[in-house]
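Enquirer: sequence-free structure coming up:
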């Protein structure tokens, strides 16, 4: 059973199940404000929809940014066929092999509609096409309509957003969580829980941010950094858990349940090395299980660490199986490790320590 209490688990359930593809994150932002706004001294916003909770410590000190992105991968309606099917484009990186027969929510101005992702029935595919990978142009969303006019009557229009439909489920008596949008609602949850845990016993000003549009170009990270102007940043993310069939340790060294991931390298950012060593030393001092990892993707850290004159930045992650699908999986004990580690690191980020991060 997870050590996270039932109320906190229910908060994450709300975050996971919330509707929030890139560019349509307002429902997630409202949950963040409702659940964590009382823990902040001030709530700030950027012009794209990111929400930033500010908490002052016993000293003003350095400006510490904790960032997790609120958006999930999703879709956007691109067209409506004469027979009432919805053509779409992806918002973020989907593997088409995960899509057929999955349920989705189409959010129209008039309300939500459940649909299913469909392609040509396999019974009708010639042998030479059955083993070929599907393309997005071969997929449609079926909302039960039989004509373009029926879709119009439902209020669905080109430009309406679409998100996966999947409930949050606890497995093995709560030892494992299963659901959608763990990338990166778990990062948002961690950032906000760290802010909540701070009791003014930190010599800095902390900004916990839920950023927008990460999956389509790290856009909210750039505007959030402009609002906060941080002196140091910790990006809260998921890491690809490599303990699944067909994945080698070289491709993804982190494993679910073995502790928090400290990202030592990705394609878009090399972390500040002094900050990395501080994080590792804190984990060892506090007995927090951790893993060193390197990933081929990128995170909000790419934009944040290049802000203005440069920001010492690191990514701290939770190993997660099956990301960028309808059904991701992680272990809450790794989430707890991340919250504890980041909280302890934040308490050590006083002016002298942060200044030392960029000195030879």
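Expert: Arrived safely, thanks for sending. Remember, predicted model here, so these are calculated numbers, not experimental data.

Enquirer: give the pairing partners of the one helix or strand residue 86 maps to; include direction for each.
Expert: In this assignment (DSSP states H and E), residue 86 forms part of strand 85-91. Using DSSP bridges, strand 85-91 pairs in its sheet with strand 74-80 (antiparallel), strand 140-142 (antiparallel).

Enquirer: take those strands and write them to a markdown table, including mean pLDDT, mean neighbour count and distance to residue 203.
Expert: Glycine gets a C-beta too; all of them are placed from N, C-alpha and C. Listed next are these as a markdown table, based on pLDDT from 0 to 100; neighbours: other CB atoms under 10 Å; distance: least, CB to CB, whole Å:
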| stretch | mean pLDDT | mean neighbour count | distance to residue 203 |
| --- | --- | --- | --- |
| strand 74-80 | 98 | 20 | 40 |
| strand 140-142 | 98 | 19 | 52 |
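
Enquirer: how about the ones you listed in TSV, adding distance to residue 273?
Expert: Formatted as TSV, the strands paired with strand 85-91 follow (distance: least, CB to CB, whole Å):
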stretch	distance to residue 273
strand 74-80	36
strand 140-142	47
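
Enquirer: residue 7: which of these is closest?
Expert: Closest of the strands paired with strand 85-91 to residue 7 is strand 74-80, at 28.0 Å (criterion: CB to CB).

Enquirer: so which of the strands paired with strand 85-91 is nearest residue 340?
Expert: strand 74-80 (31.6 Å).

Enquirer: pull the distance from that closest one to the chain's centre.
Expert: Centroid separation between strand 74-80 and its chain, computed with CA atoms, centre = their mean, to the nearest Å, is 22 Å.

Enquirer: then stretch 238-251?
Expert: 18 Å.

Enquirer: endpoints of that stretch, how far apart?
Expert: The straight-line separation of the ends of stretch 238-251 (CA to CA, to the nearest Å) is 15 Å.

Enquirer: next, the buried residues of it.
Expert: Going by neighbour count (16 or more other CB atoms under 10 Å), the buried part of stretch 238-251 is 238-242.

Enquirer: residue ranges in the stretch 51-200 of the chain under the pLDDT threshold?
Expert: The stretch 51-200 of the chain contains residues with pLDDT under 70 at 120-131.

Enquirer: repeat the analysis, applying 90 as the threshold.
Expert: Scanning the stretch 51-200 of the chain with the threshold set as pLDDT under 90 gives 59-60, 95-98, 119-138, 199-200.

Enquirer: okay, strands next: where are they in the stretch 251-360 of the chain?
Expert: Taking DSSP state E, counting those that start in this stretch as the test, the strands found in the stretch 251-360 of the chain are 260-265, 290-294, 313-320, 328-330.

Enquirer: most neighbours per residue, which of those strands?
Expert: Among those, strand 313-320 has the highest mean neighbour count (mean count of other CB atoms under 10 Å), at a mean of 27.

Enquirer: picking that back up, what does the strand holding residue 86 contact?
Expert: Defining contact as CB atoms under 8 Å, 6 or more residues apart in numbering, one finds that strand 85-91 is touched by 21-23, 71, 73-81, 106, 115, 118, 136-137, 139-143, 145, 151, 156, 161-162, 215-216.

Enquirer: for stretch 262-276, same thing?
Expert: 232, 237, 239, 279-280, 283, 290-299, 301-302, 305, 312-317, 356-358.

Enquirer: same check on stretch 188-200?
Expert: By CB under 8 Å, 6+ apart, stretch 188-200 touches 8, 11-12, 15, 28, 32, 35-36, 39-40, 53, 55-58, 66-70, 206, 208-210, 236, 318, 335, 338-339, 342-343, 346-347.

Enquirer: quick check: buried residues in that stretch?
Expert: Per 16+ other CB under 10 Å, stretch 188-200 contains these buried residues: 188-198.

Enquirer: same thing with stretch 346-360?
Expert: Buried residues in stretch 346-360 (16+ other CB under 10 Å): 346-349, 353-354, 357.

Enquirer: that one: end-to-end distance?
Expert: End to end - CA to CA - stretch 346-360 spans 22 Å.

Enquirer: now do stretch 174-192
Expert: 21 Å.

Enquirer: same check, this time on stretch 327-334
Expert: 18 Å.

Enquirer: surely residue 342 meets residue 236?
Expert: Yes. Counting by CB atoms under 8 Å, residue 342 does reach residue 236; the two are 7.0 Å apart.

Enquirer: list residues touching both of these two?
Expert: 66, 190-191, 316.

Enquirer: among the contacts of stretch 188-200, which ones are in helices?
Expert: If you go by DSSP state H, the contacts of stretch 188-200 have 8, 11-12, 15, 28, 32, 35-36, 335, 338-339, 342-343, 346-347 in helices.

Enquirer: show me where the chain has its helices.
Expert: According to DSSP H, the helices that the chain contains are 6-17, 26-36, 127-130, 148-154, 182-197, 219-228, 273-286, 301-304, 332-348, 351-356.

Enquirer: JSON lines for these, including distance to residue 175?
Expert: JSON lines is the format used below for the helices of the chain (distance: least, CB to CB, whole Å):
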{"stretch": "helix 6-17", "distance to residue 175": "12"}
{"stretch": "helix 26-36", "distance to residue 175": "24"}
{"stretch": "helix 127-130", "distance to residue 175": "38"}
{"stretch": "helix 148-154", "distance to residue 175": "41"}
{"stretch": "helix 182-197", "distance to residue 175": "16"}
{"stretch": "helix 219-228", "distance to residue 175": "32"}
{"stretch": "helix 273-286", "distance to residue 175": "22"}
{"stretch": "helix 301-304", "distance to residue 175": "30"}
{"stretch": "helix 332-348", "distance to residue 175": "8"}
{"stretch": "helix 351-356", "distance to residue 175": "36"}
